[in-house]
Structure formats: C-alpha cells, structure tokens
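Novice: mind looking at a prediction? Sequence and model below.
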Amino acid sequence: MLKEKKIGVLGLGYVGLPLAVGLCSSYKTIGFDISLDRVSQLLKGIDKTLEVKETKLRHCLKDKLRITNNFKDLKICNIFIATVPTPITEKRQPDLGPLKDVCKIISKLLKKKDIVVFESTVYPGATEEICAPILEKNKKNLKSGKDFFLGYSPERVNPGDRIHSIDKIDKVVSGQNRKVEKILFEIYSKLTTGKIFLAKNIKVAEASKVIENSQRDINIAFINEVAKICNKLHISIYDVLNASSTKWNFLKFQPGLVGGHCIGVDPYYLAHKSTKLKINPKVILSGRETNDEMPTFIAKIIDEKLKRKSRVLFLGMTFKEDVPDLRNSKSFEVISFLKKKKHTIKLHDPYVKSNNLEIVNLKKIKVRSFDALVLAVPHMYYLKQINFIKNLLKPNGIFFDIKGKVDLKRCKTLNYWSL
Ligand SMILES: NC(=O)c1ccc[n+]([C@@H]2O[C@H](COP(=O)([O-])OP(=O)(O)OC[C@H]3O[C@@H](n4cnc5c(N)ncnc54)[C@H](O)[C@@H]3O)[C@@H](O)[C@H]2O)c1
C-alpha cells in the first residue's frame, strides 16, 4: 500500500502551512490553497501568520515544497490532508462549508488506495458522516473504507507559542483500519519528535480535540465568573489565584477575553452534536455565555471608572498575545462599547497593519496625552517597554491592565486596575 507517499495539504493557513513545511523534508509535498492572495504571498516567501520564517519557507520552496492555487496539481498525491477552517455561523452552528468544499475538490482527485486525513476541528462523527459521502461522489465510484481510506489527526498547535511547536508536540492520529494507522503513524512520526498516540478510532480522535478546547473554555469561564465575584469583593483575582495555586492540584487558568477561532468556536461544535444526541449541553453553553459576556463586563468597568468622556489608548487588537490574528478578537467589542459611550479611542497593535483600522504610531505620541490606557492584549512588545508606555498617561490617568500582566513594582505611581 502506497510505496511512495506524495502528500497534498489543502488549506495553507495557521495549521496547513507549518504542516506542509514540516512534511516536505521527508515527503514530496504539495500545498494547495483556494486563496490566490495567500498563494502568491507564500510563493514570495511571505507568511502573514508569522508561523513560518521567510528563510525557511524560501528554502522549502526551492525544491521540496510546491505551493499552488490549482487543485489539479494535486493529482500526483496519494495522501490528502485537509486543514481548512471550521468556523460557526451567525446562529453559532457549525459552518461546514469549507470542509464540504475541500471534500468536493479531493473527490475529483481520488484514486484507489488513497488516504484522506482531516486535521480541521470538527464534532465527533463529522469525518465519516459528512466528509465520506461527499468524497464518495467521485467519477470512479470509489468507496470509503474499501477503495480509499479516511484518517483524522487533530491539530494542536498554539499560534505564537514557540515552545509547543508542531515539530515537538504529541500528536493524536487515527485511521479507518490498521494499515492506514500504520502509514499515518509513520508520516506523523517524521513531523514531530513528540509521541504519536493512536486513538481507538476516528470518532475518538475527533472527540479528543473538541473536548480539549471545550474543557479550556469551561475552565476559563469559571475563573471569569470568579473574577466578577472578586471585583465586587474589591480583591484581585490574581492575588486569589496566586494563593490557590499553592495547592498541588489547583488548575492554573487565568481570566480574560476568549476570542479567536478555536476556544470560542469549538465548544459550539460539541454542543451541536450533543443537542443532536438529545443531551442538553448545559455546561458547555453556559461556559460560552460567561466568556462571551466578559467584553461588556470589562468595558462597563472601564467606562464607570473613567467618569467623564476620556481619551483612551487601546493597546492590543489581536485575539491573543504575540500573534497577528484578528479573527473573533474580543478587543473590538470592548472598543465598540467605549465608543458608544463617546470616549475617544486610539488604537495600537504592533502586529496589525490593516488599512481599515487606524493604528497610531506609539513613538509619535506625546507623553501624558491619555486619560486611560487599556492593555487588552499584553504582547511582549508592550511588556518590554512598559515604562515608556505608562508615561503616555496623564497624571491621575488610569492604567487598565486587563490580564494583570504589568509588574506593579515597576509602576508604583500608577492609578491601576486589573480584573
Ligand atoms: N489556528 C490554530 O491555532 C488551530 C489550532 C488547532 C486547530 N485548528 C483548526 O485547524 C483548522 C484550520 O485552522 P487555521 O487556523 O489554519 O485556519 P486559517 O483560516 O488560518 O487557514 C485555512 C486556509 O484554508 C484555505 N481554504 C479554505 N477553504 C479551502 C478549500 N476548499 N480548499 C483549500 N483551501 C481552503 C483558506 O484560504 C486559508 O488559507 C480549523 O478547523 C481550526 O479550528 C486551528
């Protein structure tokens, strides 16, 4: 089965590009993306997600990795790995559009013995119930599990995290039968020095991923609820967490804004499946609700503390620290609330170069020109120059350090608030 493995990676975003780059040193690899913009940037060595360095990408593109916008170039592949987005709709239901689309593309390319692996986060059952029937609508009438085979390997990379990178983390892998498992075990062993865990079956692997992120969401929601209680008690949640963390089995979650397209989205996939199974996903959805309320909770506090219409410098627009990803960032909800209250908001983020957002140049701002600073996303860029930043505050101005990241010993004179 599959003497020479030729791998096609479909979807070259945060997950797909590092995967294609990682695989190309061991296998002939072709990366495909439907976005012409993305492909033309990558061909110039530019990865706007900042996950792959230009030198590395250029090196791969020299001979090992081919990147294309034309799906027919994937014809020579016998293993297809789909890493397309799995967002939610406005009604917070799984939007399986990109997943279905990529299956349609792969179905046109399928040959006997090919393997199709999904890395996108889905609910348990999606690969076999949703993807397989679309893949089977191919000209050659090939059947899943008989003529071609399925696999699922959830992606766990954490953008911006240089420690838990794709080449080091443990990987969960599953396949439709033992032979497929063996092949995928071999492939993923080349990608990571971490362990490869063979899940019992595809559904188990799918469930393992979606519960990882749902569990994280629920735990953060609990701490966010505690943060609200602490706020009323006039004590700091961080002081409480420091004390509780001295217990050996206390889980160290932090309060904050939960945005992005994983933690704030994946629980809806699990909730969807749960509802289909007639199990009310109370815990999952209440965690989501609590986390979704945090932007308004924080914005209200900022507004109340400011008392009058103020000039506010808002620091951090991306959904989390040290990444350029703006998708589903909760900063926008805080900003829009404050704008409605007629505060003048100036925006800054070292990772954002969008023309649609007016980003101020920090170096051009005069000292003592803001009534408030809101450090919403504590990028390392800010923490490294916190003394300079705090000088942008007027005397008696307020420093809102949402995630409690500023070392107060260095900022003794600050009028300070954190969750
Ligand atoms: N980003 C993360 O941190 C992360 C971590 C773990 C898992 N995941 C999961 O991995 C999947 C991909 O996430 P991402 O962050 O890489 O998304 P992304 O938006 O960064 O990248 C997806 C890419 O797929 C392309 N695409 C869309 N439809 C396509 C199609 N039909 N054919 C080919 N290309 C197509 C898009 O143009 C885009 O470049 C999602 O299911 C996500 O939940 C993401």
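Specialist: Yep, that arrived. Worth saying up front: this structure is predicted, and the values here are computed from it rather than measured. Numbering: from 1, shown residues only.
Novice: so the residue nearest to Phe71 when sequence neighbours are not counted, which state does it fall into?
Specialist: Setting aside the residues directly before and after it, Phe71 is nearest to Ile105 in space (Cβ to Cβ, 6 or more residues apart in numbering), at 5.0 Å. From N, CA and C alone the C-beta is placed, and that goes for glycine too. The assignment at Ile105 comes out as helix when based on DSSP: H, G, I helix; E, B strand; the rest coil.
Novice: cool, Cys230 as well?
Specialist: Assigned by three-state DSSP, the conformation of Cys230 is helix.
Novice: measure it to the ligand for me?
Specialist: With distances defined as Cβ to the nearest ligand atom, to the nearest Å, the gap from Cys230 to the ligand amounts to 30 Å.
Novice: surely that residue and Ser236 touch.
Specialist: Yes: between Cys230 and Ser236 a contact is recorded at 6.5 Å, counting by Cβ atoms under 8 Å.
Novice: which of the two has more residues huddled nearby?
Specialist: The neighbour comparison of Cys230 against Ser236 (other Cβ atoms under 10 Å) goes to Cys230, with 19 against 16.
Novice: what do Cys230 and Ser236 both touch?
Specialist: Overlap of the contact sets of Cys230 and Ser236 (by Cβ atoms under 8 Å, 6 or more residues apart in numbering) consists of Leu419.
Novice: roughly how far apart are the residue nearest to Phe71 and Leu57?
Specialist: Ile105 sits at a distance of 23 Å from Leu57 (criterion: Cβ to Cβ, to the nearest Å).
Novice: same deal with Val226?
Specialist: As defined by Cβ to Cβ, Val226 lies at a distance of 43 Å from Leu57.
Novice: those two - which one has more neighbours?
Specialist: With other Cβ under 10 Å as the criterion, Val226 and Leu57 differ in neighbour count, and Leu57 comes out ahead with 22 against 17.
Novice: what's the average pLDDT for whatever helix or strand the more buried one lives in?
Specialist: When elements are assigned from DSSP states H and E, Leu57 belongs to helix 54-63. Per-residue pLDDT values over helix 54-63 give a mean of 95.
Novice: low pLDDT regions in the protein?
Specialist: By pLDDT under 70, the low-scoring segments of the chain are 1-2, 355, 408-413.
Novice: where exactly do the helices run in it?
Specialist: Counting by DSSP state H, the chain has these helices, from start to end: 16-23, 36-43, 54-63, 97-109, 126, 132-136, 178-191, 202-233, 237-244, 266-276, 282-306, 331-340, 380-383, 386-390.
Novice: please state the offset of the third one from the chain centre?
Specialist: If I follow you right, that is helix 54-63. What separates the centre of helix 54-63 from the centre of its chain is 25 Å, taken as Cα atoms, centre = their mean, to the nearest Å.
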